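Student: Below are the sequence and a predicted model; questions follow.
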Amino acid sequence: MNGIKLTTERIVLRPWEESDAEALYEYAKDDRVGPAAGWPVHQSIDESREIIRTVFMQEGVFAVTLPGDDKAIGCIGVIRGAKSNMPIGEDEGEISYWIGVPFWGRGLIPEAMHRVIRYAFEDLRLKNLWCGYFDGNEKSKRAQKKCGFRYHHTCDKTYCALTGDYRIEHVSLLTFEDWLKSRPD
C-alpha cells in the first residue's frame, strides 16, 4: 500500500483511507465536480467508500488535505503505464485531479500538481507525464498550463465509461526535459 506523504506549504497529500468516505461524498455529490472530470455524481457515502477502496487506494493516488486538518478535500494522482486511462508506456504517467468546490480558485491543485510532478520525475523516474481535460473545463486547462504542461493533441471522441458518453478530450504533455528547464525549486 502507498504510505507516502507529500507536503507543500499549504497542502498535505496522503494516502486515502476508507474513513475518508464521508468527506469524499461531501464534495463528490456536487454536480460541478465529477461530471467535469469524467465521473458521475456520487449518490451515497457507501458509493464513495467503494470508490476509495477500488480506485483511490492505490500507489500514486493521494487525498488532498490542508495542514492541521486531515479532512480530504480533493484527490490527485499519477498512474503509470497500463493502469492509466491513456495508451502510455510503463515509464510514463498520467496525472489526474479534482478538488471540492469550496476550494476552487485558491491555487491548491496547481500546488499539488507541482509536488506530484516532482515526485513522478525524481522518485518514480518517469520520462513523460500526460494530463487531459474535457472540452469546456477551463479550470483544468489553466491548472495544467500553470504546471508546464503543453498541448499535445485532441481526441474528438473519447468514450467516458463512467458517464456513458463521448467527449472531446484535450491532452497535454510535460516531458522530464521540459520540467528540468522550468521547475520551481
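Tutor: Everything's here; your move. Numbers count the residues shown, from 1 in each chain.

Student: Might you report the residue contacts of the spatially closest residue to residue 80 that is not a sequence neighbour?
Tutor: Closest residue in space to residue 80, ignoring its immediate chain neighbours: residue 93 at 4.9 Å, by Cβ to Cβ, 6 or more residues apart in numbering. The way it works is simple: take the backbone N, C-alpha and C, and place the C-beta from them, glycine included. If a contact means Cβ atoms under 8 Å, 6 or more residues apart in numbering, then residue 93 has 60, 78, 79, 80, 81, 84, 120, 124, 126, 128, 129, 130 as its contacts.

Student: Am I right that the third one is in a strand?
Tutor: Yes. The assignment for residue 79 by DSSP: H, G, I helix; E, B strand; the rest coil puts it in a strand.

Student: pLDDT score for it?
Tutor: For residue 79, the pLDDT comes out at 95.

Student: how about the residue nearest to residue 80, phi and psi?
Tutor: Dihedral angles of residue 93 (phi, psi; degrees, to the nearest 10) stand at phi -140, psi 160.

Student: Same check on residue 67?
Tutor: Torsion angles, degrees, to the nearest 10, at residue 67: phi -60, psi 140.

Student: Does anything pack onto the top helix by length along the chain? Which helices or strands?
Tutor: When the chain is parsed with DSSP state H, its longest helix is helix 108-118. Here helix 108-118 touches strand 6-7, strand 12-14, strand 61-66, strand 69-80, strand 92-99, helix 138-146, going by 3 or more Cβ pairs under 8 Å, 6 or more residues apart in numbering; DSSP states H and E.

Student: one more time with 10 Å
Tutor: strand 6-7, strand 12-14, strand 61-66, strand 69-80, strand 92-99, strand 128-134, helix 138-146, helix 176-182 (3 or more Cβ pairs under 10 Å, 6 or more residues apart in numbering; DSSP states H and E).

Student: Can you give the distance of that helix from its chain's centre?
Tutor: 9 Å (Cα atoms, centre = their mean, to the nearest Å).

Student: what's the closest non-adjacent residue to residue 56?
Tutor: residue 16 (4.0 Å).

Student: Of all the helices and strands packed on helix 108-118, which one is nearest residue 152?
Tutor: The closest of the helices and strands packed on helix 108-118 to residue 152 is strand 128-134. By Cβ to Cβ, the value is 7.6 Å.

Student: if we can go back for a sec, to residue 33, which of the helices and strands packed on helix 108-118 lies closest?
Tutor: strand 92-99 (5.7 Å).

Student: Report the buried residues of that closest one.
Tutor: For strand 92-99, burial by neighbour count (16 or more other Cβ atoms under 10 Å) applies to 92, 93, 94, 95, 96, 97, 98, 99.

Student: The last one bridge partners, please.
Tutor: In this structure, residue 99 has the following beta-bridge partners (DSSP bridges): residue 74.
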